[in-house]
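Engineer: Show me the folded form of this:
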Amino acid sequence: MTDIPNARLSAVASEQSHPLLFVTVSGAHLYGFPSADSDYDLRGAHVLPAEAFLGLDPPQETVEVSHKPAAPGDIELDFVTHDVRKFMRLMLKKNGYVLEQLYSPLVVHTTPEHEELKALGRGCITRHHVHHYLGFARTQWNLFRKDAPPRVKPLLYVYRVLLTGIHLMQSGEVEANLLRLNETFRLPQIADLVARKVEGGERGCLAAADLEFYEREYERLTAELERAGQESHLPEQPSARGAMNDLLLRIRRHTYE
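Structural biologist: Model prediction:
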């Protein structure tokens, strides 16, 4: 995990009250364009005891913790984990975001069951994930257009989401790093945008004169993603539900036996 304070992130993970299945780094660090003021987005899955689901009150399946810098040089981070049942259900709902977390190569905490879930995750990928990426790209494009002057960050998210979606539809592989994606797509503007984000920070801006070009690119890549979804050979429905249920029961038993 080059340039990532793994010891600090691991310490935060170890402070959590429930056993962890895995924790990875998401956000700008995963996507390949962190700036000096980027926070660290930790995402993952934890394991609640079976008793949590047996009482009158529904369990709290999601844990969210924010850490603000307490001293110069400290890091800001956002920590979110779901109980493994909720995480699996999200995987089965064509949620590309959780698959990106599952397959993130920036691993803070892992277990053998994390590797098993990654193997089963391939049976959750369907051609209908295209709708996740189309919707996410549209949201980021609207964020980009409403800022005056326009900011680099939401535009990079637009590119990242569209290229991730096209790559997924064509290959069945989850890749969230924009720089690696662009090794295939070879869009000349990406390197400049990433440099502006890294050097200019979270609030880095673009010249308004560039808007027409980026709008054409957004429309072109959106059409390419739609076409990739239509032509994809990915299955219509996930095939891993039964195996995931078996893994869930085993995780729940073994964690608390």
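Engineer: Mind jotting down where the helices sit in the protein?
Structural biologist: 6-14, 27-31, 84-91, 96-102, 112-121, 129-146, 152-171, 178-185, 189-200, 211-231, 241-256 (DSSP state H).
Engineer: so which of the ones you listed gets nearest A70?
Structural biologist: For the helices of the chain, the distance to A70 is smallest for helix 6-14, at 11.7 Å, taking C-beta to C-beta. Quick note: C-beta positions are derived from backbone N, CA and C, even for glycine.
Engineer: Remind me what that closest one packs against, helices and strands.
Structural biologist: Contacts defined by 3 or more C-beta pairs under 8 Å, 6 or more residues apart in numbering; DSSP states H and E place helix 6-14 against strand 20-26, strand 40-46, strand 77-83, strand 107-109.
Engineer: before we move on, back to that, and of the helices of the chain, who's closest to L56?
Structural biologist: helix 84-91 (18.4 Å).
Engineer: got the contact list for that closest one?
Structural biologist: 21, 45-48, 61-62, 82, 98-99, 102, 117, 121, 124, 238, 244, 248, 251-252 (C-beta atoms under 8 Å, 6 or more residues apart in numbering).
Engineer: follow-up on the earlier one: please produce TSV containing the helices of the chain, extended by distance to G55.
Structural biologist: Below are the helices of the chain laid out as TSV (distance: least, C-beta to C-beta, whole Å):
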stretch	distance to G55
helix 6-14	27
helix 27-31	35
helix 84-91	15
helix 96-102	27
helix 112-121	25
helix 129-146	33
helix 152-171	39
helix 178-185	44
helix 189-200	47
helix 211-231	42
helix 241-256	16
